[in-house]
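Engineer: compute the structure for the input listed below.
(4 chains)
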There are 2 protein chains.
Amino acid sequence: MVDVFVRIAAVLSLPRSVGELYGILFISPEPMCIEDLMRKLRISKGSTSQGLKILRSFGAVNTTYVPGDRRDFFTAESALRKIVSGFVNEQIRPYLENGKERMARLEDLAQAEADNAFFIDRIDRLRGWQKRANALLPFALNLIKPD
Amino acid sequence: MVDVFVRIAAVLSLPRSVGELYGILFISPEPMCIEDLMRKLRISKGSTSQGLKILRSFGAVNTTYVPGDRRDFFTAESALRKIVSGFVNEQIRPYLENGKERMARLEDLAQAEADNAFFIDRIDRLRGWQKRANALLPFALNLIKPD
DNA sequence: CAGATTGTTCAGAAAATAATGAACAACGCA
DNA sequence: TGCGTTGTTCATTATTTTCTGAACAATCTG
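Structural biologist: From the prediction side, this is the model:
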């Protein structure tokens, strides 16, 4: 089961340990603290802390309070929508913004070389791709609305 | 411009050189041979050959024949649909198949532990996610139908 | 506030990934 | 068939990414 999430992590270009952490939390009925995670996964404290930081950054794990215990406890967020939208906002949007800016710069270049039909065609094409990719995002988010 | 494709390659977990190769072909009005690519990108023959192999594997570059020249010449495929569907078929589908099989195995486990309500709930949830992801693919392909 | 516990950071080690280049294979041509 | 050219493969090297663990910071407790 943990392996399932390790693979998902790989697709998303996240470290293996991040997938492991989420996986173990996903199948744990009880919240876990850092030491639990270290022991179960046999990874260092540093990796555990870093991995949890990443997972929290896009809302894939939640911190829970356990009365009478000073340590932090974590659970896996199970609402796919929250995770995906968090991930998009934190890890994808910055790229997209950058892409837009970059495209703008290319457009300027195109203006300068108004005679180079081939170059202009390529930029147009690229812009078409970008438009389609942007259209996909809202739909994807909508698909997972119910949860 | 090449940089744009290098970034896209990174998102898709492809080597940098693969992005460079596609980028340079994308903005080249003329077909290019391996030596051209090596010179322009300052990469080795091995990388060039390997990178082109990957790009061909999902139809992102085409081989063209140049009369009177024994070398292979390459151009960038500019139909997004072809590239995406090729990429999905070659690089994504295998994972999905594997995922299905893996899920089946988990279901068996669930049967065995029919009393563990939590475990069953988690498997159900995971299955729900998988279903949504699968639903997204056809839509994405449809979105880029016109080209 | 002192002492103990818990979490974070970061320099260095280890592991994974990608690039190189030389050996080799495939192919065309005379 | 033999020679020259072009493309591929793969062991080695280089680079990048990830993990480790000890030092440090933050926080609680009495």
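Engineer: can you give me the helices for chain A?
Structural biologist: Counting by DSSP state H, chain A has helices at residues A:2-11, A:16-26, A:34-41, A:45-57, A:80-87, A:93-112, A:117-143.
Engineer: which of those helices comes out lowest on mean pLDDT?
Structural biologist: For the helices of chain A, mean pLDDT drops lowest on helix A:93-112, to a mean of 89.
Engineer: could you check the angle helix A:117-143 makes with it?
Structural biologist: For helix A:93-112 against helix A:117-143, the angle between stretch directions is 160 degrees (axes from the mean of the first three to the mean of the last three CA atoms, to 10 degrees).
Engineer: specify the angle between helix A:93-112 and helix B:2-11 in degrees.
Structural biologist: Using the same axes, to 10 degrees: helix A:93-112 against helix B:2-11 is 160 degrees.
Engineer: please name every helix or strand in contact with helix A:93-112.
Structural biologist: Helix A:93-112 sits against helix A:117-143, helix B:2-11, with contacts defined as 3 or more CB pairs under 8 Å, 6 or more residues apart in numbering or on different chains; DSSP states H and E. No exception for glycine: its C-beta is placed from N, CA and C like everyone else's.
Engineer: swap the cut-off to 7 Å and go again
Structural biologist: Contacts defined by 3 or more CB pairs under 7 Å, 6 or more residues apart in numbering or on different chains; DSSP states H and E place helix A:93-112 against helix A:117-143.
Engineer: mind listing what's buried along the helix it packs on?
Structural biologist: Using 16 or more other CB atoms under 10 Å in any protein chain shown as the test for burial, helix A:117-143 gives A:119-120, A:122-123, A:125-126, A:129-130, A:132-133, A:140, A:143.
Engineer: got it, and stretch A:42-61?
Structural biologist: A:43, A:47-48, A:50-52, A:54-55, A:58-61.
Engineer: export the residues you listed to CSV and tack on distance to DNA strand D?
Structural biologist: Below are the buried residues of stretch A:42-61 laid out as CSV (distance: CB to the nearest atom of the strand, whole Å):
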residue, distance to DNA strand D
A:43, 4
A:47, 4
A:48, 8
A:50, 6
A:51, 6
A:52, 12
A:54, 9
A:55, 12
A:58, 16
A:59, 20
A:60, 15
A:61, 16
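Engineer: now, the most widely separated pair of those?
Structural biologist: Among the buried residues of stretch A:42-61, the pair separated by the greatest distance (CB to CB) is A:43 and A:59, at 22.0 Å.
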